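K.L.:
what shape does this take:
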Amino acid sequence: MKILGIGNAIVDVICKVEDDFINKNALTKGTMKLIFDENEFKTLLSNLKIEKTVSGGSVANSIVGLSQLGNEVGFIGKVNDDELGGKYEDGLQKENVKYFYKKKKEEIPTGTCLILVTPDSERTMCTFLGIAGKVNENDVSSEAIKNSELILLEGYLWDEGDPKKAFEKAIVSANKVAMSLSDQFCVDRHKPHFLELVRNKLDITFANEQEIMSLIDAKNFDDVTAFAKSLNKIIVVTRGEKGAVAINGDEVVTCGVKQGLKIVDLTGAGDLFAAGFLHGHVNKMSLKDSLEKGTEMSSKVIQQIGARI
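P.N.:
Predicted coordinates for the structure are as follows:
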C-alpha cells in the first residue's frame, strides 16, 4: 500500500451562513472550535439549513484525493455502528479506500463537524468529535502501518491520553511519516509537542503560514525558511494568495496560486493540497512537481461545495 491515513473519522455537515451568525455565536472566523457538549452542538445545528452532508475528516479527505489520483490507500479512524458511521464507511468504500477499523456499538455517536461557509467562501468549523476522539492504540494496526510506504497523520488527532498513545504507536511502526499541523487552535494547544514532532519525528510537515509562524514564534517568513532548512526534512507551507513553498534542506521551491478561479468554498483546500503533494512524493516526482500537483488539487476543490472532488 502506498499511503495509510490515520485521523478523525468525522461526518461533515456543510451550511451557508452570514457573518452575523459567526459573530453572534462567538466563533472566530476561519478557525475550528471543539464542542464537547452534544446538546450544544445540536442546538447550533437546529438553527441552520444543511447544504450538504459528506464523509470527512482532514486526513480522510487527503486519502480520498490520493485514491482518486490512482494510489492504493487505506484509512484508520473510529466511528460508531450508527447511521452516520455506516454512511461514513460506505463513503470510503465508494472511493476505493481500504478501511482498517471494524465499527461496533458505542455509547458515544459518530463524530460530526459543522462547516459554516460565509459569503466570502471562508469556512469556520465547529467539531463534536464523538467517538472519533476516543481512538486508542488498539485501534491502530501495526501491520497495516508497516505495509505502507508512508503514513499521514493530522494535528486534530493529537490529544493527551489514548489518542496520543495511538499517534506514538503509529510513528514508531511507520516507514515514513507525514503530518498536517491542521489548525492554529491545534498549534496553540500543543506547541511544545508539535515542535518536537516536526524537529525529530516527522519526515514531511504540512502547515499554513499562520500555523508554522506560530509554532516557531517567527517574526517573518525568512525565519520559517531558515528553520526549515536547518532540519533536512520536507516542510510544505501554503501561503494563501502568495502561493506555496516546499523546503527540503537547501532546496526551496515555490508555486504561485492559479488565477481566474471561481472560489466557492475553501473547505478541504489544505487536505487536497496534501493529497496532490504526497501523490507526487510517493510517485518519485520532483519537489517542484509535487508542489504544483498539490496546488492543482487544491484549486479544484475550492471551486465547489465540500472537501471532496
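K.L.:
what residue lies at the spatial centre of this protein?
P.N.:
The centre of the chain sits closest to Ser58, judged by CA atoms, centre = their mean, with a distance of 2.8 Å.
K.L.:
so which residues of the protein form helices?
P.N.:
With DSSP state H as the criterion, the chain has helices at 19-24, 38-46, 58-68, 83-94, 142-146, 162-173, 184-189, 191-200, 209-216, 221-231, 269-282, 287-301.
K.L.:
and stretch 91-105, which residues are buried?
P.N.:
For stretch 91-105, a neighbour-count test (16 or more other CB atoms under 10 Å) marks Gly91, Leu92, Glu95, Val97, Lys98, Tyr99, Phe100, Tyr101, Lys103 as buried. The way it works is simple: take the backbone N, C-alpha and C, and place the C-beta from them, glycine included.
K.L.:
against Leu92, how distant is Lys229?
P.N.:
38 Å (CB to CB, to the nearest Å).
K.L.:
distance to Thr295 and pLDDT for the buried residues of stretch 91-105 - can I get that in JSON lines?
P.N.:
Formatted as JSON lines, the buried residues of stretch 91-105 follow (distance: CB to CB, whole Å; pLDDT from 0 to 100):
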{"residue": "Gly91", "distance to Thr295": "26", "pLDDT": "90"}
{"residue": "Leu92", "distance to Thr295": "26", "pLDDT": "93"}
{"residue": "Glu95", "distance to Thr295": "22", "pLDDT": "94"}
{"residue": "Val97", "distance to Thr295": "23", "pLDDT": "96"}
{"residue": "Lys98", "distance to Thr295": "28", "pLDDT": "97"}
{"residue": "Tyr99", "distance to Thr295": "29", "pLDDT": "96"}
{"residue": "Phe100", "distance to Thr295": "30", "pLDDT": "95"}
{"residue": "Tyr101", "distance to Thr295": "32", "pLDDT": "93"}
{"residue": "Lys103", "distance to Thr295": "35", "pLDDT": "91"}
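K.L.:
can you pick out the most distant pair from the residues you listed?
P.N.:
Spatial extent of the buried residues of stretch 91-105 (CB to CB) is set by the pair Glu95 and Lys103 at 17.3 Å.
K.L.:
and the gap between Val79 and Gly86?
P.N.:
8 Å.
K.L.:
pull the contacting residues for the closest residue to Thr53 other than its chain neighbours.
P.N.:
The shortest distance from Thr53 to any residue other than its chain neighbours is 5.4 Å, reached at Val13 (CB to CB, 6 or more residues apart in numbering). Shown in contact with Val13 (CB atoms under 8 Å, 6 or more residues apart in numbering): Leu45, Ile50, Lys52, Thr53, Thr112, Cys113, Leu114, Ile115.
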